[in-house]
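> Could you look at this predicted model? Sequence included:
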Amino acid sequence: GKRTPTIIPLNPTKKSSNGSVCEDEEDDCFSDSFEAELLALKKNPREKMRFNDEDVAILDEWFEKNPYPDRKERKEIGKILMVPSKNIRIWFQNKRVKSKEHGKLLSKTTKKDSKKKLAS
């Protein structure tokens, strides 16, 4: 009779110790269902993510404030733009490379560092 094809995922997911699904260990364990739902809505997860002009304007604004957002900030931006924080992380990585290529210096100072400088 007919055989059912075996479906092999393109990027196998790992289970973390707390049972949430992790795409990669550095980032994005889907503890909240928000990002999981976003990914489920995506037709082809391997397809290149494109940001529209309004999204880029928002991302640029955040980049001016801090070119090195932490996981919490990336999740916040992701919720604003309705995009998984993994895509936000990649956008910031690419933007930093482009900025360096154009000779712009990026400061890796955090909010705490800038407060210390103001105090002294």
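Everything's here; your move.
> residues in contact with stretch 47-54?
Residues from elsewhere that reach stretch 47-54, judged by Cβ atoms under 8 Å, 6 or more residues apart in numbering: Leu59, Leu81, Val83, Asn87, Ile90, Trp91. Any C-beta I mention is one placed from the backbone N, CA and C, and that applies to glycine too.
> Out of these, which two sit at the greatest distance?
Leu81 and Ile90 (13.0 Å; Cβ to Cβ).
> So for these two, which residue has more residues nearby?
Just comparing Leu81 and Ile90: by other Cβ atoms under 10 Å the higher neighbour count belongs to Leu81, 20 against 13.
> how near is that one to Glu37?
Per Cβ to Cβ, to the nearest Å, Leu81 is found 14 Å from Glu37.
> do Glu76 as well
Glu76 is 17 Å from Glu37, by Cβ to Cβ.
> Give me the more crowded residue out of the two.
Glu76 (15 against 12).
> I'd like to know which elements the helix ranked longest in the chain is packed against.
Using DSSP state H, we find that the single longest helix of the chain is helix 85-101. The contact analysis (3 or more Cβ pairs under 8 Å, 6 or more residues apart in numbering; DSSP states H and E) places helix 85-101 against strand 27-29, helix 53-65, helix 71-81.
> Show residues contacting that helix.
Applying Cβ under 8 Å, 6+ apart, the set of residues contacting helix 85-101 from outside is 23-24, 27-28, 35, 49, 51, 59-60, 63, 67-69, 71, 74-75, 77-78, 81, 106.
> swap the cut-off to 7 Å and go again
Residues outside helix 85-101 that contact it (Cβ atoms under 7 Å, 6 or more residues apart in numbering) are 23, 27-28, 35, 49, 51, 59, 63, 67, 69, 74-75, 77-78, 106.
> likewise stretch 69-84?
27-28, 34-35, 38-39, 55, 58, 62, 85, 88-89, 92.
> Name the residues of it that are buried.
Pro69, Glu73, Arg74, Lys75, Ile77, Gly78, Leu81, Val83, Pro84 (16 or more other Cβ atoms under 10 Å).
> With distance to Ser99 and pLDDT added, can I get those in JSON lines?
Shown next, in JSON lines, are the buried residues of stretch 69-84 (distance: Cβ to Cβ, whole Å; pLDDT from 0 to 100):
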{"residue": "Pro69", "distance to Ser99": "14", "pLDDT": "97"}
{"residue": "Glu73", "distance to Ser99": "18", "pLDDT": "97"}
{"residue": "Arg74", "distance to Ser99": "18", "pLDDT": "97"}
{"residue": "Lys75", "distance to Ser99": "23", "pLDDT": "96"}
{"residue": "Ile77", "distance to Ser99": "17", "pLDDT": "96"}
{"residue": "Gly78", "distance to Ser99": "21", "pLDDT": "95"}
{"residue": "Leu81", "distance to Ser99": "20", "pLDDT": "95"}
{"residue": "Val83", "distance to Ser99": "21", "pLDDT": "93"}
{"residue": "Pro84", "distance to Ser99": "23", "pLDDT": "92"}
